[in-house]
Every structure is written in structure tokens, then in C-alpha cells.
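Participant: I'd like to go over a predicted model; first the sequence, then the structure.
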Amino acid sequence: MDATYDKFRKMNGDNIMLSFKGEITSEIISMVLQIAENKLEAVDEKGSTKRKIFNILVECLQNLYHHAAIDTTNNKKTSQKIALLELWFENNYYYILTANYIKNENVANVKNKLDKINSLSKEELRDFYREILDNDQISEKGGAGLGMIDIARKSGEKLEYNINKVNDELSFIDFKVKIEKK
Amino acid sequence: MELLNIEGSKQTPKINFNADTGILEISGRSIPENSFEFYNPILIWLDEYVATPVEKTVIKVNLEYFNTSSSKYILEIFKKMKALHVEKKDIVVEWYYDEDDEEMMETGEDYEDVTGLPFKILQIEE
């Protein structure tokens, strides 16, 4: 059998519901969310779980839209923010994975934020959310720094991530969110 | 004052603000990438409303989804309304949530705490 057939079988077997790699534009976000919504509608899943998955997907895609760094590794002149996004189901958990470049200068901030979020209990996360919500600063990108906290609250699980340096300018981050099927 | 009517879309909520009745309704979903563009005209309209409000103001929030980028602007709407509350005007926020959407209920409580406005947190009747 050819490689495409293998890949097709593998994606079916792994319960991949959505797999996208490409430029993250406003139109793409809208389309990906539409596809995700249709897929979630098709599986027999509780409304609250569907809602969590959809909410987390929205935040993940918008994180990519606002924060992914432009890929400059191949020397091509490009202004594209390329990213990977996957949604799959495995052993009673839904998983959302994103992967993208970030600038080295932002690595420490991202790490600190994610480590802090992972160190907090459910109640502490709620307090942290309220604190940032009530802080008057609306960031230029509009996110207000709430996205990751919201993802952690909705997931109820620790956020998994890896950051690896690619060159003097860029690092690569993969970020995985677990959502228990209820 | 003119009514503020905005049709809902896949990414933005339906807005139905009526300065004559004092009923200000937000419903649907609010998940735009750039919330400022969507919410800024609404905040400008509210500045005018707050200057000449009717006897009783009811803000009805009935959202299926909203993203964190919108959450700041929803708070801004409540903060504008806070001026009326401080002036002892009659104002209430009706915050609706779906029966199985505990998070939306908690979010309502978060806003109630943060804003200090009178909230009614109401389960949507099926």
C-alpha cells in the first residue's frame, strides 16, 4: 500500500478529528472552528464537554493568531505565521495540540506564565483569573493575558509544553491540552 | 437616542440596546480575534446612554460562548454601568446560563464580584 493510504489509516485509527498545518489568518480560524463544531456535533458527546473543547480551541487558535512568530528558518521572504493544530481523542481524553515558532526573547515569559499556571490549584486559578480580568490593562493584542488561564481552568488538567531553541532568533513550542470526556 | 442594533454572526454577538426601554441585550457568541473593533462602538453608545438613562436599566447577557478577548470588553460595559449604580439608579444585570454550563454560571459570579453590580444569575428555561 502507498504512503498516503498508510497515513489515511493511521489518522483514522488515532481518532484524529482535526489536523491543520498552515498560515493562521482570521478566515482560517473561522473555517477551522466551523469544521471542529461540525465534528463535535457528529460525535455523541455531552454538551459541557463539547463546549469546553470549542472554547479551548478558540483560545488556542487566537493565541496562535496573536503570538506565533513568523517562520524565518527557510530564508524565504515570508510574513506568514505558520502553525500546527490537532484535535484527537484517546483513552477517554480529548487532546488539543498546537505547535509554532516563538521569538527567543519571549521564551522566558511564556515559560514563567505556564509554570505559574501549572502550580496553581483550581481555586487559585479562579482568583488569578479575576485578578487579571480586573486589572485595567487591555493588551494591544486584546488578549489581556487571560487566554492561558482560561484554557487551564476549562481543561482542569496541567498544561503540557516543550520549548526547543531552533536558532539565534527562534524557538519552537508545542503545547498540549487535555480535556476529560465526561 | 438611537437604538443600537447589531446582527449576530458566527463570531460576534447580537446587540439590541434600547435607550427608551433601558433594556440592553447581548446574546449569541462573542469570539472575535479583535474585540476592540467590535466593542468600541458599543462602549461609545453606552457613554451617551449613561449621561441620560431611563428610570430602570436591565442588561441581559445571554452568551453561548465568549473568548477571553471579549471578556475584558464585557467588563468594560459593566464598568460604564457602574456609574449609574453609584448614582443610586436602578440597574440590574441578568446573566443567563445553560443548565449544563456551570462555567458560564461561575463566570457570572466572577463578574458580580469584580463589578459590585446587582446581578441575577438565571438558568435558561429549556
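Facilitator: Right, received. Where do you want to start?
Participant: quick one: pLDDT of the residue in chain B positioned nearest to chain A?
Facilitator: Going by CB to the nearest CB, chain A is nearest to residue B:68 of chain B, at 3.7 Å. In short, each C-beta sits where N, CA and C put it, glycine included. Confidence at residue B:68, expressed as pLDDT, is 92.
Participant: once you drop chain neighbours, what's closest to it?
Facilitator: Excluding the flanking residues, the one nearest residue B:68 by CB to CB, 6 or more residues apart in numbering or on different chains is residue A:146, at 3.7 Å.
Participant: which parts of chain B sit against chain A?
Facilitator: B:10-11, B:31, B:33-36, B:65, B:67-69, B:71-72, B:75, B:98, B:100-103, B:106, B:110, B:113-114 (CB under 8 Å from any CB of the partner chain).
Participant: hmm, which of these are the buried ones?
Facilitator: Buried subset of those (neighbour count, 16 or more other CB atoms under 10 Å in any protein chain shown): B:11, B:31, B:33, B:35, B:65, B:67-69, B:71-72, B:75, B:98, B:101, B:103, B:110, B:114.
Participant: tell me which of these fall in strands.
Facilitator: Among these, the members falling in strands (DSSP state E) are residue B:65.
Participant: identify, from the buried ones among the residues of chain B next to chain A, the entry nearest to residue B:46.
Facilitator: residue B:75 (12.7 Å; CB to CB).
Participant: so who does the closest one touch?
Facilitator: By CB atoms under 8 Å, 6 or more residues apart in numbering or on different chains, the residues touching residue B:75 are A:133-134, B:111, B:114-115.
Participant: dump those into TSV; add distance to residue A:44 as well.
Facilitator: Converted to TSV, these look like this (distance: CB to CB, whole Å):
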residue	distance to residue A:44
A:133	35
A:134	39
B:111	33
B:114	37
B:115	39
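Participant: return a PyMOL selection command for the buried portion of these.
Facilitator: Buried residues among the contacts of residue B:75 (16+ other CB under 10 Å), as a PyMOL selection:
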select buried, (chain A and resi 133) or (chain B and resi 111+114+115)
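Participant: what residue is smack in the middle of chain A?
Facilitator: The residue lying closest to the centre of chain A (CA atoms, centre = their mean) is residue A:60, at 3.4 Å.
Participant: now the strands for chain B?
Facilitator: Applying DSSP E to chain B gives strands spanning B:4-6, B:14-18, B:23-30, B:56-66, B:90-97, B:119-123.
Participant: dump those into TSV; add distance to residue A:153 as well.
Facilitator: Formatted as TSV, the strands of chain B follow (distance: least, CB to CB, whole Å):
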stretch	distance to residue A:153
strand B:4-6	29
strand B:14-18	26
strand B:23-30	18
strand B:56-66	14
strand B:90-97	16
strand B:119-123	18
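Participant: out of these, which gets nearest to residue A:4?
Facilitator: Closest approach to residue A:4 among the strands of chain B is made by strand B:56-66 (35.9 Å; CB to CB).
Participant: partner strands of that closest one, parallel or antiparallel?
Facilitator: Strand pairing for strand B:56-66, using DSSP bridges, gives strand B:23-30 (parallel), strand B:90-97 (parallel).
Participant: state the phi and psi torsions of the residue of chain A found nearest chain B.
Facilitator: Nearest residue of chain A to chain B: residue A:146, at 3.7 Å (CB to the nearest CB). Backbone torsions for residue A:146, taken as degrees, to the nearest 10, come to phi -90, psi -20.
Participant: up against chain B, what does chain A have?
Facilitator: Counting by CB under 8 Å from any CB, chain A sits next to chain B at A:26, A:29-30, A:33-34, A:46-48, A:51-52, A:54-55, A:58-59, A:62, A:65-66, A:126, A:129-130, A:133-134, A:138, A:142-144, A:146-147, A:149-150, A:153-154.
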